[in-house]
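> have a look at this fold, sequence not included:
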């Protein structure tokens, strides 16, 4: 495979990874911000105990999801996509620590998966297939 084809395939895989992580974050943010607390507490037992943390993480999820997509799509400050990937990695570490502190070990697997995909996006958009700004 030529270098040009390799870069094109990598770019497509990076876009798939960005969209996948962004959709997970946007869904999580929407669920935290728009789902009634009684219903959400059935899925996330900590939600009723920490409503301010619930709102804060919902906002962070939405911002992270938008940050992974919009700068690259619009080619306006596309390096912000890399920063959003780093932020997502930090959020996943914090979420894993939170779940460990509560003994919710089954919830950590998704944090690790999202962390690894965000790491791939940060690496790829920094080193292998950066998106150049429009201007």
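Here it is on my side, so go on. This is a predicted model, so every value here is computed, not measured. Numbering: from 1, shown residues only.

> who's in contact with the closest residue to residue 107 other than its chain neighbours?
Leaving aside its sequence neighbours, residue 107 sits nearest to residue 99 (CB to CB, 6 or more residues apart in numbering; 4.4 Å). (Glycine included, C-beta is placed from N, CA and C.) Residues near residue 99 by CB atoms under 8 Å, 6 or more residues apart in numbering: 105, 107, 108, 111.

> inside strands: which ones of these?
If you go by DSSP state E, the contacts of residue 99 have nothing in strands.

> least trustworthy helix or strand in the chain by mean pLDDT?
Taking mean pLDDT, DSSP states H and E as the measure, the chain has helix 37-43 as its least confident helix or strand, at a mean of 93.

> give me the distance from that one to the chain's centre.
Distance of helix 37-43 from the chain centroid (CA atoms, centre = their mean, to the nearest Å) equals 22 Å.

> and if you look at stretch 56-63?
The chain centroid and the centroid of stretch 56-63 are separated by 10 Å under CA atoms, centre = their mean.
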